[in-house]
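Novice: Structure, please.
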Amino acid sequence: MTDVSDGVLHTLFQSDQGGHEQVVLCQDRASGLKAVIALHSTALGPALGGTRFYPYATEAEAVADALNLARGMSYKNAMAGLDHGGGKAVIIGDPDRIKSEELLLAYGRFVASLGGRYVTACDVGTYVADMDVVARECRWTTGRSPENGGAGDSSVLTAFGVYQGMRASAQHLWGDPTLRDRKVGIAGVGKVGHHLVEHLLAEG
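Specialist: Next comes the predicted model:
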């Protein structure tokens, strides 16, 4: 990570979008790992947030995304009443091309080096099987498979939460939570979206 721009540093240290406690730039040349771990706040407890694996156009874009996502996790965890602050990590690259066991193990070592200040999990481009690998180097890993001591795929619960949010919006707008015979749009039918589709189809 050599081209982090002054704009990103300004965001981190001086803008309203900054204020993060810690940002870690990670590199393991042997495996090709380039990652950013952003801890926005540990005021409520260890920062909790997933690891996004994505082919960012620039490294500065990856840093900015990590900062934004980590800040959002602080609010999300606080609103959910969790004893966790907010953090997020991004791994730079196309997971279909560069993801490997060696890369995930290297990433796990970087997370472990934070000594429990950050708890990682799945996000876009990472899955339960990936967290099982990361957990071999880092005990601060959630979203593992049940056979490895985890709760499994969190996207099931995320989709249910989105579905209930849609029902609450319907209640607010139309006085009735049902979505039957409504037309809705889903931006992306991936890990979360395909579970959401199942809930919507079941309701008609």
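
Novice: rest of the way, CA atoms for contacts and neighbours
Specialist: Noted.

Novice: Looks to me like Asp83 is in a strand.
Specialist: No - note on Asp83: no strand contains this position according to DSSP: H, G, I helix; E, B strand; the rest coil, which reports coil.

Novice: what residues are up against the residue positioned nearest the centre of the chain?
Specialist: Centrality entry for the chain: nearest residue to the mean C-alpha point is Gly50, 2.9 Å, by CA atoms, centre = their mean. Contact analysis of Gly50 by CA atoms under 8 Å, 6 or more residues apart in numbering lists 87-89, 120-123.

Novice: most neighbours, which of those?
Specialist: Neighbour count (other CA atoms under 10 Å) singles out Gly87 as the most crowded of these, with 35 neighbours.

Novice: For the helix or strand harbouring that residue, C-alpha coordinates in CSV please.
Specialist: In this structure, Gly87 sits in strand 85-92 according to DSSP states H and E. Backbone C-alpha positions of strand 85-92 (Å, rounded to 0.1, in the frame of the first residue of the first chain) are rendered in CSV as follows:
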residue,chain,number,x,y,z
GLY,A,85,-17.4,-1.2,18.9
GLY,A,86,-17.1,-0.8,15.1
GLY,A,87,-14.5,-2.1,12.8
LYS,A,88,-14.1,-3.4,9.2
ALA,A,89,-11.5,-4.8,7.0
VAL,A,90,-11.0,-5.0,3.3
ILE,A,91,-8.8,-7.3,1.3
ILE,A,92,-7.9,-5.7,-2.1
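
Novice: tell me what it is packed against?
Specialist: Using 3 or more CA pairs under 8 Å, 6 or more residues apart in numbering; DSSP states H and E as the contact criterion, the secondary-structure elements in contact with strand 85-92 are strand 33-41, strand 47-48, strand 51-54, helix 59-79.

Novice: ok, the first one: who's next to it in the sheet?
Specialist: Looking at strand 33-41 with DSSP bridges, its paired strands and their directions are strand 22-28 (antiparallel), strand 85-92 (antiparallel).

Novice: What lies in contact with it?
Specialist: With CA under 8 Å, 6+ apart as the contact definition, strand 33-41 has outside contacts at 1, 19-28, 47, 62-63, 66-67, 70-71, 74, 85-93, 103, 106-107, 118.

Novice: follow-up on the earlier one: and the strand holding Gly87 with helix 59-79, angle?
Specialist: Angle, strand 85-92 to helix 59-79, by axes from the mean of the first three to the mean of the last three CA atoms, to 10 degrees: 150 degrees.

Novice: next SSE after strand 85-92?
Specialist: Stepping forward along the backbone from strand 85-92, the first helix or strand reached (DSSP H and E) is helix 95-98.

Novice: ok, then the element right after that next one?
Specialist: helix 101-112.

Novice: now the angle from that next one to strand 33-41?
Specialist: Note on geometry: by the same axes, to 10 degrees, helix 101-112 and strand 33-41 are set 30 degrees apart in direction.

Novice: starting at the chain centroid, how far to helix 101-112?
Specialist: When distances are taken as CA atoms, centre = their mean, to the nearest Å, helix 101-112 is centred 16 Å away from the chain's centroid.

Novice: now swap in stretch 160-178 and tell me
Specialist: For stretch 160-178, the distance between its averaged C-alpha position and the chain's averaged C-alpha position is 25 Å (CA atoms, centre = their mean).
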